[in-house]
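**Student:** need a structure here:
(2 chains)
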Amino acid sequence: MAIVGNTNSVFLVMLGGQIETAEFPEFDDIYCKYCFTYGQDWVITTGLEEGFTQAAKRSTYDNQTFVWNFPLDVTFKSTNPYGWPQLVLSVYGLDLFGKGVVRGYGVCHLPTTPGRHTRRIPMFVPESTSKFQKFIGWIIGRRPEYVDQKVIAQGEGREVTRVRSQGYVTVTFNIITKDMKKLGYDCTPSDVANPQSAETAGLSVPVTPRTMGMGDTT
Amino acid sequence: MSSIKSMKERLQERRKMLKDTQESTSVFESTAGSLGTGEGSTWAAAMEDTTAPRHQPGVKMLEDVERADGMVEELQARRQEKKKELSKSLKTESTDVLPEIRSARKKSRDKVKAFPDEIEDEEREEKLEVPEQTVDNSPDNTKELRLSGGSIRRDTGGLNTLREKLRSKVKSGIQGKLEAEKGKEEDLQPQRTLKGLRDRPAAYTRFDDSNLTKDQQELEDQLSKSQEMRNKWKKAMDKSKAEYMPNKEEQIEFFTQTYDDDGEDEKRTSALKAGMKLQDHRRLSMPSTSAPDDAVEPGTAVDEDKDEDTTEDTSRLIPKAREDHEGHLWQMAGAEYIPSQKKISDERKHFYVPSSAPVPTSDKVANDFEARNLAEEGLYVGRKPLVLAQERYKMEHRLLQEPDGLGKKWFGEDGEILGLPDPVKEMPNRPAIPEELDPAIQTFYRKAITKEFDSRYIDGTIDAGGQYRLIIDVNTLTFVHHDLMSREHVLDSRLRELANQYQERKKIDVVEYHSEKIRALKSAIIHLKESIRNQKSLDVEKQEGESRSSNLMRRLKDYMAELRELRRACDAEEHESRLLLRHMAKTWTSLKQLRSYQNCTNTPVRLNFTKIETNKAEDKRKMKRDIAEEVDEEREYFEQEYEKRMEEFKAALNKFKQQHKAKRDATARMKRRKREMDDGPEDAMLIEHDVKDQAIIDEPVLVKPEPPAKFDETRVREQTEEKFKEIKRRPGEPILIPEISCSTNVTSLRNCPLGEQQRREAVQSCRLYSKVFFNGKEVAKTGSRQLTQDFTVSFAQIIPIHIVQWPDSIHIEIYEVGVLRDRYLATVYAAIPATTVTSAETVELDSLDFANEQRRTYKHEAVGSGVPVIFDIEGNLQETITPLTAGNLLVSVAWDVDAYGNPLIPVTPSSQANPGTVKGKDAVAEIGASAMMDMDKLSKWVTESRIDPNDPANSELIYLLRPKGGGDNIGGPEYFRLEQLQEEFNFATDEEIAADQRLRLLELREREVDEFRNMKMIPANANEIPAEIFKEYNNRMHKEEEEKKVEGDTHRAKVTRFMQRVREQVLERKRLAAHQKSLQEIVIEESVPNIATVVLNLGHKLAPRRPLRPRRKERKTVSGQNLVDREVKLMVNITRAYDVPCRVPDSNTPSADKGLLKVRPIFEVMFQKKKKTTSVAAGPNPSWNEELNLPFRAPNNDYSSVSLQTVRDSVHINLFDQYVTDVLQDDRRRGREEHTRLDKKWLGGIQIPFATLYANGIIEGAFRLDSPAVLLGYTRDTGKRKGTDDAVPTHTYVNLFITIEPSLGVAPDHKETFESNESEELLDAAAKYMGIVEKAFPSRAYTTAVIDINGKNVFITKYFKALAPPSAVLALSNDKESQMAHVARYVSLIPYISDSVTFPGMCDLWSTCDQFLQMFAGDEEEHAVLLTNYFLHLEQDAYLCIGMAIPEGITAYTLVMDGKKTWVWNAMKGERYSVQDTFCPLVSVACLINNKNIWSNMQKFDRPNRMQFNLSDTKAWRPFFTTSFPEPGLPTVQPEQLIYFDTEPDDVRDKQERLEQYLRDKFEKSWRPSDVTRWSRNNMQTFRNLLKELEGNRGKDTATQQRSELEQIMRNYKLSGFTLNMPYTDNEHMAEAVYATGVWENDSRDVEFVLAVHIHPYPHSVLSVWIYIASLERSR
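**Tutor:** Model prediction:
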């Protein structure tokens, strides 16, 4: 559907970052696919919405991390913080027989505050429904996968799946926002040195429509 | 020596073998090979060969060599020739660089041997390509080689040198002797360097040890001895050489050939060959892979043998390999190495492998400068850190590789990489450390502490702070009752208890206390009375005095009452005491009885009474006085009471008297009035009075009050005396004081009865222990102690507890040791000691009671617990008691003191008294969970705890309690709310949300309203939202409202409302279901294969390939969410058509053209108002084979399956006849200009709803076109078909294939198991039956149960019942056959609507016939069910037939068997087909159903014309109900009978007019907006009549009369038009059908149109709409 009206009142969220490393013990030859999910009020203005990293082998150092250092560079435009973008990662790798299987899914919201953030995203994979199917899957090289990887960014329908946690992917985000304050969304901590105070202040601050994400009719 | 001999033998063998195999290798190779294999001894022989000239006259050897040279030359010459022929394309080196190359190659080969693996790969390549460089590099290499060579090998250096010389000679023989010296010089250096490695194995051989290194002479002797043998051998070799020797040319070619552009292996082999040629015996025979073996080869004989074996193998392999290469050198290489080369070249694009060769200085310094030598210029140059030259070169290469010469700036003027001198000091030293540290940087060490924030700990930390200790003394446990007690014990404990009570009483002496009080009160009363009297006399006049006296009087009264109370209490006490005594006595007697009864004594208890004699006379006197006193008191009290009562009595009496009087008066008045009334006329007033008086009389008569009784002194006295007798000690009776002693002897165990013995043993084995809990955590456990026979346990344990937390509770649990599990007995709670209680002083033991309700019984004497025990008391009297385990524990808790006597008590900073104030901050912890709900409590707590309102930690609380209107008082809101802060989260009221455009938009989007569901980027400010965004939605809403209002009363409106309601419900369910995901929707998983699928797959594999009959591949379905930006197309492939009507030649057409005038058919496909046409074909059976693509747009761009199912669009496929009209006005221009118009006439069409297409994915087959009933000007070429079947009406058929591209995913079936009201038995049978039939034919759509409109599973036969069609329909004809046709027509006129459109996402719902008629819309099965039921009523053998049909897919038809023939009826169209008909739309039959049974088709074929319809054949038709499982008499779901109402003719007329007007408007305004539309009004009526007649004929064109009328019109006009017939749905729908015909597309200027609408009413609002649409052109 068309974009409603003129969209002068937008704010921008710019993300520059990296999918840095991954920790997947026991696995090798993995690569990562990323994509973003976001609400209906969000639009990607520049940058790639989806991408694949190179395949990486495990480092031989003791921590055995995979390093991708894959740049993320994307700018979002939005009118409404509802549906804040999320980064969905899915990691694939080769199994014993050289077949590509999924090694992990993970998701995290883009940080809402400007600045540099590092996220260590835990990854998980759906489990087979039965032992036998697991065995079949192992033989055939087709492990259970999500039909749509974006399902992990939403809560709907998750209750039917069972998952196993697999590893971690570390991602750094550098967030720059523009015009958020202009639209009344103040997401910077009141005191950058002590971000805690912004959270604890919570209720003592009188709640105004503005902070609750409501545009008013000025 | 023996080894040499054996060697010889072996050599001979080898030679033989060589001959046998006829290998074309050079003898040099083979000899070298065989020599090489000899490793130890053979190698020695070879040595001898080369070293011989040094000791013997070298002539012989040289001769040999020269002879060999000659042969070699020969070979070379031959090879040269060959080379010329063969390899012009080969890259060869010119002969003048040959020596260089050779030397280079040799070196590289040497290196290969030296470093078989690493260098081979890297450097050899380089060197072969750049020979000059190799030469340059060689010193480096030699150095390395030397290093690895080792010192031992140097001993054999001389020997080697000689050999090398010889070798060079051999070479020079090849090259010419002139170069021999040079070659020697060249070779000398590198070769010598190689000796180390080459000779390494030799150094370890035993020859080396014994002969060579130690004594060379000896060795040489040996060698000379073997010389002869060698010569022999050589000769023999020469013989073979003569035959197989390669000529010189070949040899040269062989060596000069560069294989640079080959792969690595090629080089390796070439190097190998070079090596072989050059008599490197050892290496020669070894492929490079075996080189490592050499390196580790030890010098033992065993190893030798082993090595021999391996080398033998390889030597055999090598010639072969070479042969291969020579034969197919280039092809092989190319095929093998292209991928890896490509890989390398690909890698080279990305990778850079720096070379380690030195970089020329000119590259490093700027172009026009020369490298400076700074050191020489006298500048200071520091020593740079040590970096290997190789590494440095590599770095230089890398830097030079940088783009744009950026790397160059890293080089200094001297051509070296810029760098600082080595910072490392030559000499290690350390800085001086000052003796004393600067105090500023002094380090302090502090112990780490763990801090807890929740104040659980006394000092906030676990391990810091004071030592606090509690001392808990668990002393003695005494059981009042224990389950192991005997009956005697029970009595005993009772007695003791009573005694204790008595003692307690005595101690307090309540009686004495009360009597003292009484005495005091009495005196007070006397005083009071006196003062009252005084007061009265004193202040008789004063007002004040009165009040005072009354005050006194009240006091007196109070005192009196108190006195009475006291007396009563005193009496009760005394009574109690006496009872107690009596009880004790009783218990004691029964105890004694019991002892004597059971013949043993278990308890030592004994009760004694001490008697105190009393004076009887004094007692009597005292008693008399007491009685008198009491009677006095009673009297006084009574008097007071009496006064009060008297007053009451008087008042009551007065009242009574008044009433009595009133009544009497009233009666009198009534009498009087009665008399008056008798006399005079009636008066309203009088009557009113009468009523009043009557009311007075009727009042209930008050009882006459009794005066209060007078004080009866004698009675009171008697009563008192009696009481005294009862309660008090009688005069003269001695005072008894009970005393309990333990003086009875307990009977010893032996003398006891058996039961008692067992009991005692059980007691003995019973052990108990206790656990001490502090704050609910177990901190200590006492040792288990034995239970004594008198049921006490002495723990006597003092437990000190070191505490860090505030004491909340201390409790002790008592356990009995059990066999498997300890038995919990009881818990006692000890008080937390006050701060004053310390262990320094003696602490009193608290007796803490406990009880346990556990029930226990024993077989032996023990009474158990919770079990009633019966005692005989005083003979016959029986008493039952149910003792429960109970007892008490003596415990003391105190604070401990340390060694200095300081108490170890925690001190709270705020208040000593309340150690819990720290928790005071938290309301919940303080007053419990009620703080969350109870605002009063909370606010009370807030005020009490005086929390700081300015403390940010309390801000929430203060905010919560802050009064809303302002003001200071803290108190919660006045109302109750489950979520206290909910209102605060309501950031806007509902009205505000409704008023705000943006919020409304967001809300609608969230509700997934169609128009807004996919809305993007809703602006942040409401004013940016365009107002028209709601227009559509509002309009729709408005329209719906409107519809509800306007058509309020008609039947159709009701239906619409009903549908709307069902639809809404279903939609809501669907929406919920869509958000309810199943695993399959979320996770892709490999399904478990079963035998069937495996077999099926295998079957596919094994099936013969039929390339001429290709199968359609399964397309990948695309799910909705991936489709947003993709174009979805509708693909329509029109193959061919049959029986297209042909034009009837006009009467004015020249007869010559008659045969030619056939038809020019053209197909037009219309979908979503987009049109595509095929090309024009010719003839009645044309063929197109054309594919038309039409774009598809989903509503609101939503391609989800839910939305797609609701698409109501249809694909219209129309067949036209295109004809060309010449419109050229001016004949003179003919020939130069062409002016024609293309017109088309509609010949027929077909509509396929998108829903059907979507559900089926593909629609394919031969379709019958719906042709207009009257096709003017056309005729069918029916002549050909006449003979076959006269009953088959001629129709046009078209072969179609329709699909959607990409294939859209169909919503998965809701496999929910719907609940059912059917019996379990039936459901079971159905499941079983379905299992059987579906297994046999999985693709057939068998059914046993369907879902009704309530979502319940209903057995399908319940839908069938003979139902009467409207009598009006039946009355149309008498003939059964035509009745059926009429009924079918009637059914077909009920509008069609797909379930998936009506109820999107729901599975097929079957409504009953009355529901169907009420809803007035349904899909195939509803029509078919209704038709079947009608047919059943007509006593036909009718069945519902479920199967596949085109274009509907899985559908339902009605099947009728009339004895001879079997017909299928399409209830949708009202037409019937013979099952034999090839063009029957029903292509597959799965099952037949009627009210009696279900028959499933188990025949091999399911095409009707290949099936038999004999239902009694159970093999072909498997029935559901059989004789073994007969039909249980299922009740039908259909109504008793259908009720039809008559259609209002006015309404129909109205509709007809409206429709006509609507179509006209459409015609003029929408379709032909730019042209003038003229209506041919004159002819309208003719057409209308025609239409009326058509309905009568059910669409059959038989009316000849009409024809003639039409023909008249046709004489004047060129007419192009036809009739449309359809059920009445809505105007829009019909307009679309008219639009599809394309009649309006006539842009001739003098065209007139005819539009006639006729609606034929059938009962129950079933309307048949006929539309005649035609264009008329006046013929010239």
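**Student:** contact partners for the nearest residue to B:Lys1077 once chain neighbours are set aside?
**Tutor:** Nearest residue to B:Lys1077, sequence neighbours excluded (C-beta to C-beta, 6 or more residues apart in numbering or on different chains): A:Gly157, at 2.7 Å. Where C-beta positions appear, they are placed from N, C-alpha and C, glycine not excepted. Contact analysis of A:Gly157 by C-beta atoms under 8 Å, 6 or more residues apart in numbering or on different chains lists A:151, B:1075-1078, B:1081-1082.
**Student:** nearest to chain B: which residue in chain A?
**Tutor:** A:Gly157 (2.7 Å; C-beta to the nearest C-beta).
**Student:** show me the strands in the stretch 951-1100 of chain B, by range?
**Tutor:** For the stretch 951-1100 of chain B, applying DSSP state E, counting those that start in this stretch gives strands covering B:1083-1084.
**Student:** can you give me the helices in it?
**Tutor:** For the stretch 951-1100 of chain B, applying DSSP state H, counting those that start in this stretch gives helices covering B:955-961, B:982-985, B:990-995, B:997-1006, B:1031-1046, B:1051-1074, B:1079-1082, B:1091-1102.
**Student:** before we move on, the earlier item: ChimeraX command for the buried members of the contacts of A:Gly157?
**Tutor:** The ChimeraX command for the buried members of the contacts of A:Gly157 (criterion: 16 or more other C-beta atoms under 10 Å in any protein chain shown) is given here:
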select /A:151 /B:1077,1081,1082
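**Student:** Throw the contacts of A:Gly157 into TSV and include pLDDT and distance to B:Gly1470, thanks.
**Tutor:** As requested, these are exported to TSV (pLDDT from 0 to 100; distance: C-beta to C-beta, whole Å):
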residue	pLDDT	distance to B:Gly1470
A:Val151	87	49
B:His1075	70	42
B:Gln1076	69	41
B:Lys1077	72	44
B:Ser1078	73	41
B:Glu1081	74	41
B:Ile1082	78	47
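**Student:** closest to B:Thr1357 out of the contacts of A:Gly157?
**Tutor:** Distance to B:Thr1357, by C-beta to C-beta, is smallest for B:Ser1078 among these, at 31.6 Å.
**Student:** which of the contacts of A:Gly157 sits closest to A:Gly137?
**Tutor:** Checking those against A:Gly137 with C-beta to C-beta, the nearest one is B:Ile1082 at 15.9 Å.
**Student:** can you point me to the longest helix in chain B?
**Tutor:** helix B:616-679 (DSSP state H).
**Student:** give the other helices and strands that that one contacts.
**Tutor:** Contacts defined by 3 or more C-beta pairs under 8 Å, 6 or more residues apart in numbering or on different chains; DSSP states H and E place helix B:616-679 against helix B:543-598, helix B:684-698, helix B:713-727.
**Student:** can you map out the strands along chain A?
**Tutor:** Counting by DSSP state E, the segments of chain A that form strands are A:11-23, A:30-37, A:42-47, A:50-52, A:66-78, A:86-94, A:100-109, A:115-126, A:145-146, A:163-178.
**Student:** now render those strands as a markdown table, adding mean pLDDT, distance to B:Phe774 and mean neighbour count.
**Tutor:** As requested, the strands of chain A are exported to a markdown table (pLDDT from 0 to 100; distance: least, C-beta to C-beta, whole Å; neighbours: other C-beta atoms under 10 Å in any protein chain shown):
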| stretch | mean pLDDT | distance to B:Phe774 | mean neighbour count |
| --- | --- | --- | --- |
| strand A:11-23 | 92 | 45 | 20 |
| strand A:30-37 | 92 | 54 | 21 |
| strand A:42-47 | 90 | 58 | 15 |
| strand A:50-52 | 90 | 61 | 12 |
| strand A:66-78 | 92 | 52 | 19 |
| strand A:86-94 | 92 | 50 | 21 |
| strand A:100-109 | 91 | 46 | 21 |
| strand A:115-126 | 93 | 40 | 17 |
| strand A:145-146 | 88 | 52 | 20 |
| strand A:163-178 | 92 | 40 | 18 |
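**Student:** tell me the mean pLDDT for stretch B:439-449?
**Tutor:** For stretch B:439-449, mean pLDDT is 80.
**Student:** the stretch 1351-1500 of chain B: helices as residue ranges?
**Tutor:** Using DSSP H, counting those that start in this stretch, helices in the stretch 1351-1500 of chain B cover B:1367-1370, B:1376-1388, B:1395-1398, B:1409-1415, B:1420-1433.
**Student:** pretty sure B:Gln222 sits in a helix.
**Tutor:** Yes. Judged by DSSP: H, G, I helix; E, B strand; the rest coil, B:Gln222 forms part of a helix.
**Student:** tell me how many other residues crowd it.
**Tutor:** Each residue near B:Gln222 was counted by other C-beta atoms under 10 Å in any protein chain shown, and the total is 20.
**Student:** okay, it: pLDDT?
**Tutor:** At B:Gln222, the pLDDT recorded in the model is 72.
**Student:** ok, now B:Pro292?
**Tutor:** B:Pro292 is given a pLDDT of 43.
**Student:** ditto for the one 10 residues further on
**Tutor:** The predicted structure scores B:Val302 at 42 on the pLDDT scale.
**Student:** partners of the nearest residue to B:Asp1502 once chain neighbours are set aside in the sheet?
**Tutor:** In this structure, B:Asp1502 finds its nearest non-sequential neighbour in B:Ser1484, 4.2 Å apart by C-beta to C-beta, 6+ apart. Counting by DSSP bridges, B:Ser1484 is bridged to B:Met1444.
**Student:** may I have the residues that are in contact with B:Ser1484?
**Tutor:** By C-beta under 8 Å, 6+ apart, B:Ser1484 lies in contact with B:1340, B:1443-1445, B:1502-1503.
**Student:** ok, of these, which come out buried?
**Tutor:** Buried subset of these (neighbour count, 16+ other C-beta under 10 Å): B:1340, B:1443-1445, B:1502-1503.
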